[in-house]
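>>> Okay, predicted coordinates and the sequence, questions at the end:
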Amino acid sequence: MSPYRKLSPVGRTSAGARDRDFGTASGDAARSAGVWRGDRASTAPAADGAALARALRALERPIYIVGDAAAPEVATAGEAHFGGPEADAAVAIAATRASIRAPARTAVRASAGDELPLVAHSPPLPLENLGDPEFRAAYGLRYAYVAGAMANGIGSVDLVEAMSRAGMLGFFGAAGLAVDEVAAAALRLAASLGDAPYGFNLIHSPAEPALEAAVVDLYLRRGVRVAEASAYLDLTPPVVRYRVQGVRRSAAGAAVPARRLIAKVSRVEVARRFLAPPPEAILRALQASGSITEEEALLAREIPMADDITAEADSGGHTDNRPAVALLPTMLALRDRVQREFRYPSPPRVGLAGGISTPHSAAAAFAMGAAYVVTGTVNQSCIEAGTSDRVRALLAAAEQADVAMAPAADMFEMGVKVQVLKRGTLFAMRAAKLYELYRAYASLDALPAAERANLENNFFRAPLARIWDETAHFFRARDPAQIERAERDPRHKMALVFRWYLGLSSQWANRGEESRQVDYQVWCGPAMGAFNEWTRGTFLAEPRERRAATVALGILHGAAVLGRAAFLRAQGFQPSASALETPPLGHDVATAILARGGAAGSRHRAAAPSDTNDTNIRVGGIST
Ligand SMILES: Cc1cc2nc3c(=O)[nH]c(=O)nc-3n(C[C@H](O)[C@H](O)[C@H](O)COP(=O)(O)O)c2cc1C
């Protein structure tokens with residue numbers, strides 16, 4: 001005899017009296033039934049929408065949808081029993097429901113020893129459980145959340161520190177900076193973060209190979225242990241050197257690299273190069289030049305170039321505009337194929353970047369199998385980013401379609417484009433005009449007078465001859481070969497002059513130069529509009545409130561809520577729209593979450609002070 005008192009659905013909550021904002025169960029819910037037992041008065045289920053919303057947000061607790069499938073209720077305690085005769089009994093109870101029409105029923109609450117049919121359930125889903133546990137362990141992270149590098153120090157020291165202190169990974173935006181500026185950031189981060197996780201961008205610089213090599217020298221000297229490699233079309237000696245120097249054989253016999261590398265890629269052929277071991281030819285050349293030892297070259301054949309690859313879909317900045325839902329499965333399949341070929345002891349993982357700035361997009365990434373998520377655009381709008389308040393204000397006003405592709409400064413002649421903000425600046429239009437002129441005319445002297453006047457009056461605000469003098473001065477110090485080439489090739493000279501505008505336009509934006517707002521180049525993806533839509537009417541609509549850790553935790557928290565809701569839905573229970581709202585977390589809530597301490601096994605412990613009572617946390621006005 002079961003010690004539990006079976007509650008018949010008959011006589012339970014009246015459908016008419018129910019909170020219509022709760023949710024609905026389909027016939028499938030009855031077929032997947034088990035039994036829920038509430039053994040304490042405190043486990044009594046509730047049938048109002050607010051209770052369901054609270055249950056979805058109480059991520060450390062299970063959710064049980066119980067009772068009559070036509071009028072289900074929610075509990076976050078008690079016991080669930082799945083399958084077996086109890087489930088059959090529950091199905092039998094639920095099956096009778098269709099033929100019963102009970103007029104004016106009175107609500108009956110479950111009490112100690114009650115037993116109710118289980119309609120659906122969701123296990124706990126702490127934020128620390130999102131993504132791949134091996135990814136988190138490898139980098140010592142609490143959360144599978146990465147802030148990708150943003151050039152010119154927009155991905156600033158402050159941003160990297162904020163991420164690290166929140167148990168996440170941030171990459172310093174080294175691209176576009178001189179080596180001594182990157183060195184200064186390396187010193188600051190080593191001093192402020194010590195052994196806590198953080199990394200630096202290693203960007204491929206086809207036009208400045210010496211710079212790429214110098215940056216790798218710096219990383220090796222300064223002990224930068226994590227790098228995000230990006231913009232590579234093929235592997236270069238510097239990136240291979242970064243990966244291979246210091247690789248050793250562990251006591252267990254495995255080849256263990258001294259540094260970690262995450263390669264950000266949007267093309268399959270490039271991903272394959274990073275998933276394979278370093279190329280033989282480059283290993284031999286590095287060994288011949290004394291950059292790596294014979295032993296390192298041998299061990300390198302057992303490791304993939306990258307520990308992880310980030311599949312970069314449609315994003316801010318350089319992008320191939322690939323859709324995330326198509327790109328990630330392709331990269332996952334590629335990883336599996338390459339793993340079958342090379343049989344690494346730990347297979348490379350695949351994360352997703354591009355378009356992630358809301359709970360829904362992060363939930364989708366994790367649901368598709370992303371080991372981690374990478375954000376960029378949304379972090380530029382945060383207070384820690386190395387940009388100006390004017391740019392933050394422009395970003396906060398952006399909507400979904402307020403982005404455009406425009407010629408890139410670094411690969412202008414190759415026709416490469418970057419995704420930028422369109423609203424509030426003429427940059428996209430003006431940069432496109434420059435590229436059009438570059439294609440149509442052989443030299444600056446060949447430009448029609450009207451075009452030249454337009455450029456001098458509106459774009460450059462100076463005679464082109466003076467712009468060339470400034471350009472030549474810049475390259476004399478940085479890369480004199482460019483000037484020699486320009487003297488031989490007038491079209492190259494025109495490209496360098498036009499790149500003056502493309503290069504300065506992002507500096508004007510970063511510095512917040514008022515007189516140049518119409519020319520701001522602000523790298524930005526559609527993620528910005530999505531974020532602004534999500535935060536509309538909340539405190540995060542205000543740029544000065546956008547703190548990177550609060551934003552990140554809100555995205556992750558909402559993703560976990562939506563993940564749990566999806567699990568309930570798969571069992572036939574559809575939570576109401578209001579229960580599914582995922583408003584951003586407040587700063588106090590974010591601080592309290594961080595103060596709780598990490599998941600077991602996490603190397604990193606975020607230490608944010610808080611006096612908030614973590615058993616009663618407000619989430620968008622809802623207590624959890
Ligand atoms: C302002 C800005 C600058 C960026 N600069 C770089 C960079 O220098 N190197 C890099 O690897 N990625 C860069 N990115 C890409 C980000 O690291 C990240 O991968 C991307 O922004 C993610 O997509 P999302 O913009 O849709 O969030 C940049 C992105 C933005 C928005």
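Arrived safely. Quantities reported herein were computed from a predicted structural model and do not represent experimental measurements. Numbers count the residues shown, from 1 in each chain.

>>> residues contacting A120?
Going by Cβ atoms under 8 Å, 6 or more residues apart in numbering, A120 touches 25, 29, 32, 63-65, 72, 568, 571-573. The C-beta positions use only the backbone N, C-alpha and C, and glycine is treated the same way.

>>> Looking at those residues, which are in strands?
Under the assignment DSSP state E, the contacts of A120 contribute 25, 63-65, 573 to strands.

>>> Point me to the residue of the chain nearest the ligand.
Proximity of the chain to the ligand (Cβ to the nearest ligand atom) peaks at G376, 1.8 Å away.

>>> Does F539 touch G586 like I think?
Yes - using Cβ atoms under 8 Å, F539 is in contact with G586, at 7.1 Å.

>>> So for those two, which sits in the more crowded spot?
G586 (21 against 14; other Cβ atoms under 10 Å).

>>> Verify the stated contact: the more buried one with L540.
No - at 9.3 Å, G586 does not count as touching L540 under the criterion of Cβ under 8 Å.

>>> what do these two both touch?
Common neighbours of G586 and L540, using Cβ under 8 Å, 6+ apart, are T550.

>>> In three-state terms, label D195 for me.
The local conformation at D195, judged by DSSP: H, G, I helix; E, B strand; the rest coil, is coil.

>>> mind checking how far it is from E545?
31 Å (Cβ to Cβ, to the nearest Å).

>>> With S346 instead?
In this view, S346 and E545 are 40 Å apart by Cβ to Cβ.

>>> Between those two, which has more neighbouring residues?
Taking other Cβ under 10 Å, S346 and E545 do not tie; E545 has more neighbours (18 against 12).

>>> wait, the more buried one sits on T535?
No - contact criterion Cβ under 8 Å: E545 and T535 do not qualify, at 9.0 Å.

>>> Output the longest strand along the chain as CSV, nothing but the C-alphas.
Taking DSSP E as the criterion, the chain has its longest strand at strand 114-122. Presented in CSV, the C-alpha positions along strand 114-122 are these (Å, rounded to 0.1, in the frame of the first residue of the first chain):
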residue,chain,number,x,y,z
ASP,A,114,-0.2,13.8,-1.2
GLU,A,115,0.4,12.1,-4.5
LEU,A,116,-0.4,13.8,-7.8
PRO,A,117,0.1,12.9,-11.5
LEU,A,118,3.3,14.4,-12.9
VAL,A,119,2.6,16.2,-16.1
ALA,A,120,6.1,17.5,-16.8
HIS,A,121,9.3,18.3,-15.0
SER,A,122,12.6,20.1,-15.4
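
>>> Against which helices or strands is the next helix or strand along the chain from that strand packed?
Sequence-wise, the next helix or strand downstream of strand 114-122 (DSSP states H and E) is helix 133-139. When contacts are defined as 3 or more Cβ pairs under 8 Å, 6 or more residues apart in numbering; DSSP states H and E, helix 133-139 packs onto strand 349-353.

>>> Quick one: distance of the strand it packs on to the chain centre.
Chain-centre distance of strand 349-353: 9 Å, with Cα atoms, centre = their mean, to the nearest Å.

>>> Put the alpha carbons of that strand into PDB.
Provided in PDB are the C-alpha atoms of strand 349-353 (Å, rounded to 0.1, in the frame of the first residue of the first chain):
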ATOM      1  CA  ARG A 349      35.400  22.200 -28.600                       C
ATOM      2  CA  VAL A 350      33.200  24.500 -30.700                       C
ATOM      3  CA  GLY A 351      31.700  27.700 -29.400                       C
ATOM      4  CA  LEU A 352      29.500  30.200 -31.100                       C
ATOM      5  CA  ALA A 353      29.800  33.900 -31.800                       C
END
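
>>> hey, what's the residue most central in space within the chain bridged with?
In the chain, the centroid-proximal residue (Cα atoms, centre = their mean) is V374; its distance is 2.3 Å. Legend: beta-bridge partners of V374 under DSSP bridges are V146, A353.

>>> any idea how far it lies from I467?
For V374 relative to I467 (Cβ to Cβ), the value is 37 Å.

>>> Find the nearest non-adjacent residue to the residue of the chain closest to the ligand, please.
Leaving aside its sequence neighbours, G376 sits nearest to G148 (Cβ to Cβ, 6 or more residues apart in numbering; 4.4 Å).

>>> Check whether the one you found really touches T375, as I assumed.
Yes - look at G148 against T375 with Cβ under 8 Å: they come within range, at 6.8 Å.

>>> joint contacts of the two?
Between them, G148 and T375 share the contacting residues A353, judged by Cβ under 8 Å, 6+ apart.

>>> got a pLDDT number for P209?
P209 is assigned a predicted lDDT (pLDDT) of 89.

>>> For it, give me its contacts.
For P209, the contacting residues are 236, 238, by Cβ under 8 Å, 6+ apart.

>>> ditto for V378
By Cβ under 8 Å, 6+ apart, the contact set of V378 is 356-357, 527-528, 531, 551, 555.
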